[in-house]
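Enquirer: Give me a 3D structure for the following:
(2 chains)
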Protein chains: 2
Amino acid sequence: MKTTVGELNPPQRILMAPGPSLVDARVYRALLAPVVGHLDPEFLRVMDDVQAMLRRLFQTENQLTFPVSGTGSAGMETAFCNLIELGDPVIVCVGGHFGARMAEMAARAGARLERIETTPGTHIDPERVRAAARGQRMRLLAIVHGETSTGVLQEIAPYREIADQCGALLVVDAVATLGGMPLAVDRERIDVCFSASQKCLSAPPGLAPFTASPKIEEALRQRKTPVTSWYFDLTTVMKYWGQERTYHHTAPISMIYALREALRLIEEETLPVRWQRHQRNHQALVAGLEALGLELLVAPAHRMWTVTAVKVPAGIEDAKVRQRLLNEFNIEIAGGLGELRGKIWRIGLMGNTATQANVLLFLAALEEILQEEGFRLASGAGVAAAEQVYLRAAAAAGKPA
Amino acid sequence: MKTTVGELNPPQRILMAPGPSLVDARVYRALLAPVVGHLDPEFLRVMDDVQAMLRRLFQTENQLTFPVSGTGSAGMETAFCNLIELGDPVIVCVGGHFGARMAEMAARAGARLERIETTPGTHIDPERVRAAARGQRMRLLAIVHGETSTGVLQEIAPYREIADQCGALLVVDAVATLGGMPLAVDRERIDVCFSASQKCLSAPPGLAPFTASPKIEEALRQRKTPVTSWYFDLTTVMKYWGQERTYHHTAPISMIYALREALRLIEEETLPVRWQRHQRNHQALVAGLEALGLELLVAPAHRMWTVTAVKVPAGIEDAKVRQRLLNEFNIEIAGGLGELRGKIWRIGLMGNTATQANVLLFLAALEEILQEEGFRLASGAGVAAAEQVYLRAAAAAGKPA
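Expert: Residues are numbered from 1 along each chain as shown, chains lettered A, B, ... in the order given. Predicted coordinates for the structure are as follows:
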């Protein structure tokens, strides 16, 4: 019997949603490296490489640094299920979908939960968090560095200070920022930080880079109850990713090959150059969107470079525009989540997606579709405004654009 | 700055440990298909294909059938964390490392746990389980179909009967058997069954095929407390893998491409032919090992076809032989776990690894190394005995070997 299921033939999209982002040809090629056993001495060397590069990426000396065998949310769950015991007082800052996910995980882990919420798209004022924490001892304070669902960036420093004041461990979700915006785990004294392979690292989805400070290792030893999850239990997972290299679960070998190559590409580009590339492309995108007469969701001071949220103009149908971008231009962007559904578009410029060519093509495509959908705009204005950003950046660097 | 980390260059091993197994060239090629978004209409079709093929593989009509975004143990954890609430009475049959892992997960999920243990390498007598369950109402009865750590196969039927008697849901770990040995979820009335991508399916590690009966969907609705894990919570995961296709977490796109191709290969071969291939190669391996004068760990009636455990002969050093197989022949096999460490070798003949060529090469290599290590055996006896099995099988089928 031949199977009735046809050949795999997915389209070549331009991935401008907030993840997955475009994957480099070298990363695809790494997926072809032959699978070896998870305890093969050659694979142990691959693990060493990946851990060393993740430490440089997170800018940390943390021994406990490795990719969790799951997508970004698996990294998030690893943080919460390991650090929280029943009744632990926990503050979670909720500025959107992923802050809310952290609060949900903290609650399931048994936390006595204090949620500090803000209207999605607005910045969380650290002073509100400070006031909520005042006079209390907290186990943990959790904040999303860049909220993928809104495009809002939160500075780490004030949260570190508040965490210090209430004796809390600081957990930072860097899913949408690590590798795309400055973040330095040791210098900013972050206790736990996690990310995802398919955002600014431009590997396929399936791994969650994770790092935890020596203070966390001590906290794990002090736990009174076992971690409910076996799969995410750091104490045993780290026997595999630590010096013992004791079998815990079979590592996702091919995905780790892909991550290794993605990390090599980042080291070749260097972090400062990569951050600057993300900033420049974000600035060009913003200039273009504003020149088209569109309004950004987030105030200028609080914008991420890697995810930009723009309001769907009145009279324009969100889903139809996204569908046309996909069908006519092969461009994927995302809509809003929760209460922002139908109200915003989210454009990801992450990793390999963050290029001048993608920004210009996207602006041109959006311009054309919006005009056809009856939105009044000045033809070519978006592309022209973006080009000015690139030209100014090139002039400042003394190079042609 | 160029990175100091060199090109990825893992060796081409012959993977004869109990997973990962050898990956087909077509499956590697599927990994090269361009990553698309996890809500892309083209990807939703890929999900449909994978779910339809998984249902045929599990031989089930279960709607709730999908690959968990993690390795085999993630499938195991999905079963236990969703089905158990604090204090639920649970019986877990422990015949080795993976039975023990199930017991550990059940305990962490809050079960009032009854462990039925047996010496690793021996079969669990269902009558002992029946006696332990007698007169009690049980929430769940869990059994490993093929215990990867010992090579012991357990028949499902008696456990279904016992589960019926005590009103328990039947959970079956088919990590090392699905796709390699007969298993029919609906006919055998298994409530939850899970497996792993890198064993008899011959995809890379990173996904856990999972299926649950409609009774489980009802059980989930009846839960009094939320599932502790957010990542593995079936109720929400299934909104993504169910008809709603609502975002839960980003699916590991490339891995799902690979699984899809591996499942297509299985459908092309057909399950009966594939099972027979595993049986025949196992028989040849056993004949060869016995002809070398080696002793199998498991009694003939209880042997898996996919993992064969053979005792390390007296005077031979376990690790040295495995290291020589790896270094001189590029063949990976596994040692024993726990109390079997140093005492057995485990040979996996799973998926693409289960071929005549691999069996003959392995026997020849083992023969040579054992002789050099001072074990007295009749040269060529292992290969000759295995060849007889292939010749008899070919004659019975009326074909040349």
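Enquirer: Quick check on the residue of the stretch 301-401 of chain A found nearest chain B: phi, psi?
Expert: When distances are taken as Cβ to the nearest Cβ, the stretch 301-401 of chain A reaches nearest to chain B at residue A:332, 4.8 Å away. For every residue, glycine as well, the C-beta is placed using N, CA and C. Here is the backbone geometry of residue A:332 (degrees, to the nearest 10): phi -100, psi 120.
Enquirer: Could you report the neighbour count for it?
Expert: 22 (other Cβ atoms under 10 Å in any protein chain shown).
Enquirer: Equivalent analysis for residue A:132, please.
Expert: 17.
Enquirer: Which strand or helix spans it?
Expert: helix A:126-133 (DSSP states H and E).
Enquirer: At which residues are the strands of chain A located?
Expert: Using DSSP state E, the strands of chain A run over A:14-15, A:64-68, A:89-94, A:112-117, A:140-144, A:146-147, A:152-153, A:169-173, A:192-194, A:208-212, A:307-311, A:331-332, A:334-335, A:344-348.
Enquirer: Quick one: list the elements packing against the first one.
Expert: Here strand A:14-15 touches strand A:331-332, helix A:356-372, going by 3 or more Cβ pairs under 8 Å, 6 or more residues apart in numbering or on different chains; DSSP states H and E.
Enquirer: remind me which residues of chain A are low pLDDT?
Expert: Residue ranges of chain A with pLDDT under 70: A:1, A:400-401.
Enquirer: Walk me through the domains of it.
Expert: A:25-268, A:269-397 (automatic domain parsing).
Enquirer: hang on, the earlier thing: which one of the helices and strands packed on strand A:14-15 lies closest to residue B:275?
Expert: Comparing those by their distance to residue B:275 (Cβ to Cβ), the top pick is strand A:331-332, with 41.3 Å.
Enquirer: residue contacts, the residue of the stretch 301-401 of chain A closest to chain B?
Expert: Counting by Cβ atoms under 8 Å, 6 or more residues apart in numbering or on different chains, residue A:332 touches A:13, A:14, A:15, A:16, A:17, A:322, A:325, A:326, B:36, B:37, B:40.
Enquirer: Find the nearest non-adjacent residue to the closest residue to chain B within the stretch 51-200 of chain A, please.
Expert: As assessed by Cβ to the nearest Cβ, chain B sits closest to residue A:73 within the stretch 51-200 of chain A, at 4.2 Å. In this structure, residue A:73 finds its nearest non-sequential neighbour in residue B:249, 4.2 Å apart by Cβ to Cβ, 6 or more residues apart in numbering or on different chains.
Enquirer: phi, psi of the one you found?
Expert: Torsion angles, degrees, to the nearest 10, at residue B:249: phi -130, psi 160.
Enquirer: need the contact list for it.
Expert: So residue B:249 contacts A:70, A:71, A:72, A:73, A:74, B:69, B:231, B:237, B:240 (Cβ under 8 Å, 6+ apart).
Enquirer: burial measure for the second one, as a count.
Expert: Same thing as residue A:71. 28.
Enquirer: And for the last one?
Expert: Counted with other Cβ under 10 Å, the neighbours of residue B:240 add up to 20.
Enquirer: And for the fifth one?
Expert: Neighbour count of residue A:74, defined by other Cβ under 10 Å: 28.
Enquirer: was I right about it contacting residue B:232?
Expert: No - using Cβ atoms under 8 Å, residue A:74 is not in contact with residue B:232; the gap is 9.3 Å.
Enquirer: on that earlier part again, so which of the domains of chain A is the most surrounded?
Expert: domain A:25-268 (a mean of 22; mean count of other Cβ atoms under 10 Å in any protein chain shown).
Enquirer: ok now it, how far from the chain's centre?
Expert: 11 Å (Cα atoms, centre = their mean, to the nearest Å).
Enquirer: and residue A:32, what are its phi and psi?
Expert: The phi/psi pair for residue A:32 (degrees, to the nearest 10) is phi -80, psi -10.
Enquirer: sorry, that was for residue A:354
Expert: Taking degrees, to the nearest 10 as the convention, residue A:354 sits at phi -80, psi 80.
Enquirer: Identify the residues contacting it.
Expert: A:180, A:277, A:278, A:281, A:282, A:306.
Enquirer: how close does the residue nearest to it when sequence neighbours are not counted get to residue A:153?
Expert: In space, residue A:354 comes closest to residue A:281 once its chain neighbours are excluded; the distance is 4.5 Å by Cβ to Cβ, 6+ apart. Remark: distance between residue A:281 and residue A:153 (Cβ to Cβ, to the nearest Å) = 16 Å.
Enquirer: Run through the residues that contact the residue lying closest to residue A:155 once chain neighbours are set aside.
Expert: Leaving aside its sequence neighbours, residue A:155 sits nearest to residue A:126 (Cβ to Cβ, 6+ apart; 7.9 Å). By Cβ under 8 Å, 6+ apart, the contact list for residue A:126 reads A:155, A:158, A:159, A:162.
Enquirer: can you rerun that using 7 Å?
Expert: Residues near residue A:126 by Cβ atoms under 7 Å, 6 or more residues apart in numbering or on different chains: A:158, A:159, A:162.
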